[in-house]
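*Asks:* Here's my sequence, what's the structure:
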Amino acid sequence: MQGLQIADSTANKYDAIVIGSGMSGGWAAKELCEKGLKTLVLEKGRMVNHVRDYPTMNQDSWDLPHRGTLTAEEAKRLHIQIRSGFVGEGVKHFYTDDLDNPYEEIKRFDWIRGNQTGGRSLMWGRHTYRWSDLDFTANAREGIAIDWPVRYKDLEPWYSYVEKFAGICGEKLGLSHVPDGEFLPPFELNCLEIDFRKKVAAKFGRIVTIGRVAHLTEPQPWHLELGRGKCQSRNKCSRGCPFGAYFSSNSATLPAANKTGNLSIRPDSIVHSLIFDEQSQKVTGVRIIDSVDNSTKEFFSNIVFLCASAPASAQIMLHSTSSRFPNGLGNDSSELGHNIMDHHYHVGAMGEYDGLEDKYYTGKRPTGIYIPKYINIDNNSTDKNFLRGFGYQGDSGRRGWDRGNDIPLVGEELKKSLLAPGSWKMSLMGFGEVLPDHNNKMYLSKDKKDKWGLPQIVFDASHGENELKMRERIKSDAAEMLESSGFKNVISFDNIGGLGNGVHEMGTARMGRDPKTSVLNGWNQVHAVKNLFVTDGSFMTSANCVNPSITYMAFTARAVDYAVKEMKKGNI
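*Replies:* The predicted model follows:
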């Protein structure tokens with residue numbers, strides 16, 4: 001696999017600079033490079049090349065020295081990352097060292113990070129659902145925060161554009177509030193899920209479908225040209241996929257950018273601040289600290305795309321002060337760092353099912369079932385206890401040999417029982433919307449700094465009453481659907497954690513129509529700095545209840561298209 005083009009150490013002037021190489025940064029790099037701009041990507045972490053730098057991609061748990069468990073020292077260094085429940089021996093190298101990258105928590109905030117080329121696109125959950133006007137108009141309709149400056153029609157062609165390139169598989173449903181997209185063939189439901197789907201439709205009128213995910217079930221020519229292949233249903237996705245079967249920056253957007261000859265990547269580059277020119281009122285470049293030798297360097301460009309993640313991008317802008325922007329670059333509205341949102345989850349129910357013992361399935365499908373939002377979508381589905389809604393992501397299958405940990409058998413009887421598949425089980429986990437709230441904020445510490453001398457982020461954000469009321473409905477509905485479908489031993493659960501635990505941080509530099517109440521306009525462009533664009537989760541004005549990455553991708557491609565056209569017109 002060809003490596004990505006490392007930046008020339010003697011060059012410091014480019015047409016464009018992209019900060020961050022994850023979901024949004026990868027797309028910004030691809031689009032800018034394909035439009036002919038010599039583009040520098042600045043990545044805070046180490047270089048990770050596709051395939052060659054996935055050390056555990058083919059290993060099973062028994063191949064790992066500690067069978068997948070972290071050592072005490074590793075758990076200490078990843079003490080915040082392990083709050084996610086995702087981090088084990090096989091994926092530890094993709095998560096940020098919390099001791100080297102500290103932050104303060106006035107209230108618990110679970111910032112789950114991956115500082116390397118590709119960022120969290122290597123570890124994401126890969127579910128992809130479009131927004132609709134129900135979501136883009138929700139704030140205005142309910143008088144919450146501010147209105148989005150865009151509508152679904154503005155994003156619809158860009159959703160199609162990024163879906164075709166990324167490769168999204170799924171089932172078309174014809175729902176106006178979860179619009180259909182450009183889908184490859186879906187994964188199949190298993191027999192229990194088919195039965196559950198029928199019973200939930202009959203009893204509640206709700207839809208159960210297979211999760212829409214960024215996996216190649218039927219690669220197209222443009223996927224094959226990049227060396228991507230069909231999903232093998234190994235379900236080792238978080239290790240890095242050597243087949244390039246799931247979408248990541250490393251397997252798709254960065255290689256596409258690299259093919260143009262216009263891409264340069266500089267890893268180990270911690271952004272100190274953006275360089276702002278008072279006379280032109282533009283950003284002229286980026287100042288970085290080299291994490292290897294601690295030297296300070298500056299790089300210059302005509303345009304900058306900030307894609308470092310919602311907290312990190314806000315941190316960079318807050319630290320980029322000047323006489324024009326004493327409280328942070330572009331912060332005329334004083335909203336920079338405020339309105340932090342996420343998705344709340346780890347709430348739902350699970351149960352066991354008797355029957356279908358003569359049925360099984362093959363492979364380790366990398367997705368489960370999905371139940372789209374069905375609350376507060378029209379006058380007939382209103383729940384007056386809370387605003388907005390939620391969906392469910394579900395998992396089902398037959399219990400494996402690990403059930404031997406909790407069954408009352410010993411010796412030969414135990415061994416024989418474990419040679420056959422166990423009983424069927426299913427879990428439903430809700431994903432709920434978090435409302436924007438100005439009081440949910442982050443800011444820079446006045447006295448605590450990290451090892452590179454940069455002010456630490458301070459998080460002061462928590463779930464609100466609306467989210468807590470919604471969780472009660474999520475939990476009770478999940479249990480009701482399972483029980484009414486014939487499941488036994490149904491157990492509800494609710495482990496809320498802190499904001500951030502959904503790994504979908506949003507809102508720190510929201511977009512809007514009015515510079516007095518927002519940081520960005522409807523093109524992801526900083527109101528007062530025309531050549532600075534922010535296209536990670538920072539721009540989100542509300543959160544919806546679906547995984548946001550496909551929306552980041554669409555907005556990023558749209559913003560690059562606009563920016564380059566404006567540059568050609570001489571407006572940037």
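*Asks:* what's the helix or strand for L192?
*Replies:* Secondary structure assignment for L192, by DSSP states H and E: helix 191-204.
*Asks:* Direction included, what does whichever helix or strand comes after that helix pair up with?
*Replies:* Moving toward the C-terminus from helix 191-204, the next helix or strand (DSSP H and E) is strand 209-210. Strand 209-210 pairs in its sheet with strand 369-371 (antiparallel), by DSSP bridges.
*Asks:* and the strand it pairs with, what's its mean pLDDT?
*Replies:* Averaged over strand 369-371, pLDDT sits at 98.
*Asks:* can you check stretch 70-85 too?
*Replies:* 96.
*Asks:* Go through that stretch and flag the buried ones.
*Replies:* For stretch 70-85, burial by neighbour count (16 or more other CB atoms under 10 Å) applies to L70, E74, R77, L78, I80, Q81, I82, R83, S84. Every residue, glycine included, has its C-beta placed from N, CA and C.
*Asks:* Next, the contact list for the first one, please.
*Replies:* By that I understand L70. By CB atoms under 8 Å, 6 or more residues apart in numbering, the contact set of L70 is L78, I82, V87, G88, E89, K92.
*Asks:* Can you get me a residue count around K172?
*Replies:* 12 (other CB atoms under 10 Å).
*Asks:* If you could redo that for A308, that was the one I meant.
*Replies:* There are 27 residues near A308, going by other CB under 10 Å.
*Asks:* do the same with Y14
*Replies:* Look at Y14: counted by other CB under 10 Å, it has 24 neighbours.
*Asks:* pretty sure it contacts F299?
*Replies:* Yes. Y14 is in contact with F299 according to CB atoms under 8 Å; the separation is 6.7 Å.
*Asks:* who touches both of the two?
*Replies:* By CB under 8 Å, 6+ apart, Y14 and F299 have these common neighbours: L40.
*Asks:* Distance check, the residue lying farthest from the centre of the chain against L419.
*Replies:* What lies farthest from the middle of the chain is E412; by CA atoms, centre = their mean that is 46.4 Å. From E412 across to L419, the span is 11 Å (CB to CB, to the nearest Å).
*Asks:* Could you do I275 as well?
*Replies:* Applying CB to CB, the value for I275 to L419 is 66 Å.
*Asks:* higher neighbour count, those two?
*Replies:* Neighbour totals were compared for I275 and L419, and I275 leads with 19 against 7 (other CB under 10 Å).
*Asks:* what's across from that one in the sheet?
*Replies:* Legend: beta-bridge partners of I275 under DSSP bridges are G285.
*Asks:* Now, the buried residues of stretch 70-85 that are in helices?
*Replies:* In this view, these that belong to helices under DSSP state H are E74, R77.
*Asks:* From the buried residues of stretch 70-85, pick the one nearest D100.
*Replies:* R77 (7.9 Å; CB to CB).
*Asks:* Would you confirm that the closest one contacts Y95?
*Replies:* No. In this structure R77 lies outside contact range of Y95 using CB under 8 Å: 9.5 Å.
*Asks:* Wait, a helix at S273?
*Replies:* No. Using DSSP: H, G, I helix; E, B strand; the rest coil, the secondary structure at S273 is strand, not a helix.
*Asks:* And it, how close does it get to V458?
*Replies:* Applying CB to CB, the value for S273 to V458 is 18 Å.
*Asks:* what's the answer for A257, then?
*Replies:* Computed as CB to CB, the A257 to V458 distance reads 35 Å.
*Asks:* Of these two, which one has the most company?
*Replies:* More neighbours surround A257 than the other of A257 and V458, with 29 against 18 (other CB under 10 Å).
*Asks:* what's the more buried one in contact with, if anything?
*Replies:* A257 touches G26, A29, K30, L32, C33, E34, T39, L263, counting by CB under 8 Å, 6+ apart.
*Asks:* Toward the C-terminus from the helix or strand of the chain with the lowest mean pLDDT, list the very next helix or strand.
*Replies:* The helix or strand of the chain with the poorest confidence is helix 411-418; it has a mean of 76 (mean pLDDT, DSSP states H and E). Once the chain leaves helix 411-418, the next helix or strand it forms, by DSSP H and E, is strand 424-433.
*Asks:* can you tell me which of the contacts of A257 are in helices?
*Replies:* Residues of these located in helices (DSSP H): G26, A29, K30, L32, C33, E34.
*Asks:* just these now: which is nearest L468?
*Replies:* Of the ones in helices among the contacts of A257, the one sitting nearest to L468 (CB to CB) turns out to be G26, at 35.7 Å.
*Asks:* any idea which element the nearest residue to L40 once chain neighbours are set aside lies in?
*Replies:* Distance criterion CB to CB, 6 or more residues apart in numbering; nearest residue to L40, sequence neighbours excluded, is Y14 at 4.4 Å. Element membership of Y14, judged by DSSP H and E, is strand 13-19.
*Asks:* Same question for D447.
*Replies:* Assigned by DSSP H and E, D447 falls in strand 441-449.
*Asks:* Pull up the pairing partners for that strand, direction included.
*Replies:* As defined by DSSP bridges, the strand partners of strand 441-449 come to strand 455-460 (antiparallel).
*Asks:* Which parts of the stretch 351-500 of the chain are helices?
*Replies:* Ranges of helices in the stretch 351-500 of the chain, per DSSP state H, counting those that start in this stretch, are 411-418, 465-484.
*Asks:* now those as CSV including distance to F493?
*Replies:* Listed next are these as CSV, based on distance: least, CB to CB, whole Å:
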stretch, distance to F493
helix 411-418, 26
helix 465-484, 8
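*Asks:* Of those, flag the one that's most buried.
*Replies:* helix 465-484 (a mean of 19; mean count of other CB atoms under 10 Å).
*Asks:* How about residues contacting that helix?
*Replies:* Residues from elsewhere that reach helix 465-484 (CB under 8 Å, 6+ apart): 196, 199-200, 203-204, 206, 344, 347-351, 375, 383, 385-390, 392, 426, 428-430, 432-435, 490, 492-494, 496.
*Asks:* Which of the residues you listed are buried? Put it as a PyMOL command.
*Replies:* Typed into PyMOL, the next command selects the buried ones out of these (criterion: 16+ other CB under 10 Å):
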select buried, resi 196+199+200+204+344+347+348+349+350+351+375+386+387+388+389+390+392+426+428+429+430+432+433+434+435+490+492+496
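*Asks:* Now do the buried residues in the helix or strand containing E163.
*Replies:* Per DSSP H and E: E163 is located in helix 152-166. For helix 152-166, the neighbour count (16+ other CB under 10 Å) marks Y152, D154, L155, E156, W158, Y159, Y161, V162, E163, K164, F165, A166 as buried.
*Asks:* can you give me the strands in the stretch 201-350 of the chain?
*Replies:* 209-210, 263-266, 269-277, 282-290, 296-306, 343-344, 347-353 (DSSP state E, counting those that start in this stretch).
*Asks:* Next, the contact list for F300, please.
*Replies:* Neighbouring residues of F300 by CB under 8 Å, 6+ apart: N12, K13, Y14, I275, T284, G285.
*Asks:* Turn those into CSV, including distance to T128 and pLDDT.
*Replies:* Shown next, in CSV, are the contacts of F300 (distance: CB to CB, whole Å; pLDDT from 0 to 100):
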residue, distance to T128, pLDDT
N12, 37, 95
K13, 37, 97
Y14, 31, 98
I275, 36, 98
T284, 36, 98
G285, 34, 97
